[in-house]
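Enquirer: how does the following fold in three dimensions:
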Amino acid sequence: MALVPCIALGQALPLDASSDPSRILSGDSLRVKLPFSPAVKAVFLGWEADRMQLQVDGMTQVWPVSVYDLSRLEVRTARTRREGLRHYAVIGAATGLFVGAAIGLGLYAAGVTDHASAPPEQIVTTTLQWAGFGIIGGFLTGGYLGGRSPGTGWVSLSLPTR
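Expert: Numbers count the residues shown, from 1 in each chain. Coordinates of the predicted model:
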């Protein structure tokens, strides 16, 4: 840890707060899932010991839910840089797959990558090669842009165990 530049400058370490329950503020939208039930969207009202007080559309009373009973908890909030990088890198890679494959197919159809002695199966090789380039380019571009401006979205929080 002595080599971390933040410590050398006397600054606090930037933490990835994905498991920090203090990220949930009153009024935040949550998605909670209990075992063997569908996910429920609710609004967080506050804490009462280890129970969250939630307001669910269609219910007149507050719904108290213990965090120990949940199988998944997500909050709609600002992402950390790491969460933004991971989220947009995956989206970029998936987009790059299709864009790269389309470029490869287009180049083959236009005759740019066609060789006179190449077999007809060359279309598959060319398309897959460009799809690979697209995945790498999309992953790097999406990760870079997602790390710079992470945005907001559904962030999964770690749940405590008994």
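
Enquirer: for the longest helix along the chain, packing partners?
Expert: Ranked by residue count, the top helix of the chain under DSSP state H comes out as helix 81-110. Secondary-structure packing of helix 81-110 (3 or more C-beta pairs under 8 Å, 6 or more residues apart in numbering; DSSP states H and E): helix 122-148. C-betas here are computed from N, CA, C, even on glycine.

Enquirer: ok, residue 32 - contacts?
Expert: Applying C-beta atoms under 8 Å, 6 or more residues apart in numbering, one finds that residue 32 lies in contact with 39, 40, 42, 52, 54, 65, 70, 72, 73, 74.

Enquirer: now the buried members of these.
Expert: Buried members of the contacts of residue 32, scored by 16 or more other C-beta atoms under 10 Å, are 40, 42, 52, 54, 65, 70, 73, 74.

Enquirer: was I right to think the third one contacts residue 67?
Expert: Yes: A contact is recorded between residue 52 and residue 67 when judged using C-beta atoms under 8 Å, the distance being 6.5 Å.

Enquirer: next, the angle helix 122-148 makes with the longest helix of the chain.
Expert: With axes from the mean of the first three to the mean of the last three C-alpha atoms, to 10 degrees defining the directions, helix 81-110 sits at 150 degrees from helix 122-148.

Enquirer: helix 81-110 - what's its average pLDDT?
Expert: The average pLDDT within helix 81-110 is 92.

Enquirer: same deal with stretch 120-136?
Expert: 90.

Enquirer: many thanks, I have nothing further to ask.
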